[in-house]
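*Asks:* Return a 3D structure for these sequence lines:
(2 chains)
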Protein chains: 2
Amino acid sequence: VTFSSCGMKMSSRSGLRSIMDDIAATTAASADKWLNLSIGNPALIPEVEEMWREALHAELGDGFARSGCRYGPSRGAEPLVQAVVEYFRHRYGWALRSENIVIGPGSQMLCFAAGALFAGPSGSRHRPILIPTMPDYTGYQGMCMHRDGVAGVAPIIERSAGRGFRYRCDLDRVAEHGDAGMLLMSSPSNPAGRCASAEEMATLATIAADRGVPLVVDHAYGQPFPRIVDTPAPPLWHPNVINCFTISKAGLPGERLAFAIGEPEYIDAIVSFIANTALHASQIPQLAMANVLSSGRLDEVCENAIRPHYAAKRHFAETLLAEFLPAHLDWRLHASSGGMFCWIWVDDSSFDGAELYRAVKERHVFIVPGEHFFVPGHGFDEHAGQCFRISLSADEDSITAGVERVGLTLGEMHRAR
Amino acid sequence: VTFSSCGMKMSSRSGLRSIMDDIAATTAASADKWLNLSIGNPALIPEVEEMWREALHAELGDGFARSGCRYGPSRGAEPLVQAVVEYFRHRYGWALRSENIVIGPGSQMLCFAAGALFAGPSGSRHRPILIPTMPDYTGYQGMCMHRDGVAGVAPIIERSAGRGFRYRCDLDRVAEHGDAGMLLMSSPSNPAGRCASAEEMATLATIAADRGVPLVVDHAYGQPFPRIVDTPAPPLWHPNVINCFTISKAGLPGERLAFAIGEPEYIDAIVSFIANTALHASQIPQLAMANVLSSGRLDEVCENAIRPHYAAKRHFAETLLAEFLPAHLDWRLHASSGGMFCWIWVDDSSFDGAELYRAVKERHVFIVPGEHFFVPGHGFDEHAGQCFRISLSADEDSITAGVERVGLTLGEMHRAR
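*Replies:* Numbers count the residues shown, from 1 in each chain, chains lettered A, B, ... in the order given. I've put the predicted structure just below:
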């Protein structure tokens, strides 16, 4: 097969995808024997499942002939676009019109569209997508259609008392990147649960505005839903910011639905991109979402079921880590209020996350090594190799047994050195 | 906004999209007053609607927590992949494995992925997508991320007795195009309902094989479903052919679901592309489709409801055209057995399809002018401007009144010259 330049990049398998394929293949035969702490799926919470089931069911009534049985507009189904307008007006006082909104088949697709539209080759220049604070969602590296199309800025590491640490955005270094076509970040971030502060976000927006490029902010874990992580500030309304929201982590990842809000000149381009590629997001999930958004049910479920679930899980996991991870090892947990993941840094130059992946696999546990969340070659590979991610989506028994085995393995690895 | 090169192309509005926006905006206020014969939606057929409603409803039961509430594999949900393997084995004797199959969020997205992977810039070369027989689906032009990235070959026109004509593929001219990265066609075609013969398809596959490139064939209207157009031959199994199938015209366009079958080296690349962009198609429609495919219900509904519906509509429209279109005008209808559209050619150098669009709009009727189905600048623009498309999705009263007004308008336009 002869690939195009784009094809060379897009047909390649990222390191993380190879790992995920390894996990899928290994666990397929005997899922019960494995403790999978690599899972990116949201936890199954009965109230959440029931909300979506009912909302989807309601769309299979009389309206079905006008939704599932018809093509929809590429901007999004009108009832959902209007529901988003109203919701953000009511919740944050944003004065939106339909022109500010585009619905898409998942936020990954929306971010991919933005990256293709605003970054990449432009005449003789090549303008990369810039990730202002590594580590960040590993999928951002895969969605760029050109080699070396994604650049990342290493964070400033702040150790706190005890076992804590946090990443701070190195705003000066971000400001030095004059050639970026787009800034792209998740906040709260996957994997670390890091939230940009209001000041940091404002500075990033100013940097974007100075360069005349968009700052795309992916709120997959934050405000206003699903609130898996508590955020210190609401999303920022700014002419250069494109805010992306999704219901994947609010319980419906399988149906691929997300939306972006921004200035019409950005949003119109994304609508055209969607029209030319995916045509539009699935209609029935769009109408179901319009319903739970307008009725207040999504907010209720986030407040009463999703947020407490993850807060409790996080608290539970913190206790487990303190109990089972070797006390003599300098391991640290990234600060986060809630979250789907624990992001752990072993501050020891001989530690290797990829080695941990292989070693805990011997004990029938899967974790995700940290290196894949960093764009390689940005002078931060050593720290990247010292981190790993544990998912909190599994049940408490699995997390307990898994963390215990991770602790045992870390102790063994340490002694072997 | 500063766009990338790709962004310049992908943010632009095609001529046809401008027309569709015009139609949507015009009819939004008072849909009842308009006779819309531009519609690309499939007809609403009660048996079809009921099949999908029931199949989707069945997926909101116990399995919902493992489908809608979870991310799915980028190749497609396992039950659907297996159902496709079995269906094509049984129906055509194809010896498929999972590796031959990728499910995607619509065939437009699958064709877009293939175009990005196999055509476009590659080092210093630029290999266009080649459309072997114009006219063809207008969306193919929008899915290419580079200017002049799509080339088309003008057809050979064969007039038949009476009011008929048909396009034949100019295979010699196709063979001369040495630089194409991919061949892309719909068969049966939108807009003309043209089906490639078995010999023609075999020759195109050989041309693709000689060049080491894929031939992507979009069966949206044909075999094995929805059978809106009767096809002379089954899909061709060949190492260089990627066959695309969708349920959009089988009644569920709103939920965006399609699949492609081909050699693993092509299919794997498309799976990676989907993984990097849309992640996967919506899960519930995938499982619903697996169900109706395996149970035989989709075949039944195609045979007993979809095929007869369009055959009758086509017959009805042919009678109307003969009655209402001016007898003194040399208009011709492209041969098709069934189909969602009538493709009409006015063989008169003074006729202009864009002018007809404006003139019938004055009479509150929408048709689609033909030029948009041809890649411009390939020495065929005169014929392109002499064609127009009428959709058969509307009800019989609307089609009758619409065709009558088109006939009146054509008569007036002719007299005015």
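*Asks:* Strands of the stretch 51-200 of chain A, residue ranges please.
*Replies:* Along the stretch 51-200 of chain A, the segments classed as strands by DSSP state E, counting those that start in this stretch run A:101-104, A:120-122, A:125-127, A:129-131, A:150-152, A:156-159, A:164-168, A:182-186.
*Asks:* what about the helix or strand hosting A:Asp299 and chain B, touching?
*Replies:* Under the criterion of DSSP states H and E, A:Asp299 resides in helix A:297-301. No. If you take Cβ under 8 Å from any Cβ of the partner chain as the test, helix A:297-301 misses chain B, and the best it gets is 13.1 Å. In short, each C-beta sits where N, CA and C put it, glycine included.
*Asks:* Please indicate which of the strands of the stretch 51-200 of chain A has the most neighbours on average?
*Replies:* Of all the strands of the stretch 51-200 of chain A, strand A:101-104 carries the top mean neighbour count, a mean of 28, counting by mean count of other Cβ atoms under 10 Å in any protein chain shown.
*Asks:* Averaging pLDDT per element, find the lowest-scoring helix or strand in chain A.
*Replies:* Least confident helix or strand, chain A: helix A:15-29 with a mean of 80, by mean pLDDT, DSSP states H and E.
*Asks:* buried ones in stretch A:311-328?
*Replies:* Of the residues in stretch A:311-328, A:Ala311, A:Lys313, A:Arg314, A:Ala317, A:Leu320, A:Leu321, A:Phe324, A:Leu325, A:Pro326 count as buried by neighbour count, 16 or more other Cβ atoms under 10 Å in any protein chain shown.
*Asks:* Ok, stretch A:357-364 next?
*Replies:* For stretch A:357-364, a neighbour-count test (16+ other Cβ under 10 Å) marks A:Tyr357, A:Ala359, A:Val360, A:Lys361, A:His364 as buried.
*Asks:* Could you report the pLDDT at the first one?
*Replies:* So the one you mean is A:Tyr357. Looking at A:Tyr357, its pLDDT stands at 95.
*Asks:* Would you check that A:Leu204 makes contact with A:His177?
*Replies:* No. With contact defined as Cβ atoms under 8 Å, A:Leu204 does not count as touching A:His177 (11.4 Å).
*Asks:* Of the two, which one has the most company?
*Replies:* More crowded of A:Leu204 and A:His177, by other Cβ atoms under 10 Å in any protein chain shown: A:Leu204, with 26 against 16.
*Asks:* still on that earlier bit, so which of the strands of the stretch 51-200 of chain A is nearest chain B?
*Replies:* strand A:120-122 (4.1 Å; Cβ to the nearest Cβ).
*Asks:* That closest one near chain B anywhere?
*Replies:* Yes. Under the criterion of Cβ under 8 Å from any Cβ, strand A:120-122 makes contact with chain B via A:Gly120, A:Pro121, A:Ser122.
*Asks:* contact partners of that strand?
*Replies:* A:126-127, A:144-146, A:149, A:181, B:2-7 (Cβ atoms under 8 Å, 6 or more residues apart in numbering or on different chains).
*Asks:* so can I have TSV of the residues of strand A:120-122 next to chain B showing pLDDT?
*Replies:* Formatted as TSV, the residues of strand A:120-122 next to chain B follow (pLDDT from 0 to 100):
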residue	pLDDT
A:Gly120	94
A:Pro121	91
A:Ser122	87
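*Asks:* Mind putting the buried residues of stretch A:357-364 into JSON lines with distance to chain B and secondary structure?
*Replies:* Listed next are the buried residues of stretch A:357-364 as JSON lines, based on distance: Cβ to the nearest Cβ, whole Å; DSSP: H, G, I helix; E, B strand; the rest coil:
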{"residue": "A:Tyr357", "distance to chain B": "20", "secondary structure": "helix"}
{"residue": "A:Ala359", "distance to chain B": "27", "secondary structure": "helix"}
{"residue": "A:Val360", "distance to chain B": "22", "secondary structure": "helix"}
{"residue": "A:Lys361", "distance to chain B": "21", "secondary structure": "helix"}
{"residue": "A:His364", "distance to chain B": "21", "secondary structure": "coil"}
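*Asks:* so what's the residue positioned nearest the centre of chain A closest to, chain neighbours aside?
*Replies:* Taking Cα atoms, centre = their mean, the centroid of chain A lies closest to A:Asn190, which sits 4.6 Å from it. Ranked by Cβ to Cβ, 6 or more residues apart in numbering or on different chains and with sequence neighbours excluded, the top spatial neighbour of A:Asn190 is A:Tyr137, at 4.8 Å.
*Asks:* Would you agree that neighbour is in contact with A:Asp218?
*Replies:* Yes. Look at A:Tyr137 against A:Asp218 with Cβ under 8 Å: they come within range, at 7.0 Å.
*Asks:* Need the overlap of contacts for the two.
*Replies:* The contact sets of A:Tyr137 and A:Asp218 overlap at A:Ser186 (Cβ under 8 Å, 6+ apart).
*Asks:* Which parts of the stretch 301-417 of chain A are strands?
*Replies:* Assigned by DSSP E, counting those that start in this stretch, the strands in the stretch 301-417 of chain A fall at A:331-334, A:341-346, A:365-366, A:368-369, A:387-391.
*Asks:* Out of those, which is closest to A:Ser18?
*Replies:* strand A:368-369 (11.4 Å; Cβ to Cβ).
*Asks:* List the neighbours of the closest one that are in contact with it.
*Replies:* With contact meaning Cβ under 8 Å, 6+ apart, strand A:368-369 is reached by A:16, A:19, A:38, A:191, A:353-354, A:356-357, A:385, A:387-389, A:391.
*Asks:* Next, the buried residues of whichever helix in chain A runs longest.
*Replies:* Counting residues, the longest helix found in chain A (DSSP state H) is helix A:396-416. By 16+ other Cβ under 10 Å, the buried positions in helix A:396-416 come out as A:398-411, A:413.
*Asks:* So that helix, near chain B or not?
*Replies:* No. Figure legend: helix A:396-416 not in contact with chain B (Cβ under 8 Å from any Cβ); closest approach 15.9 Å.
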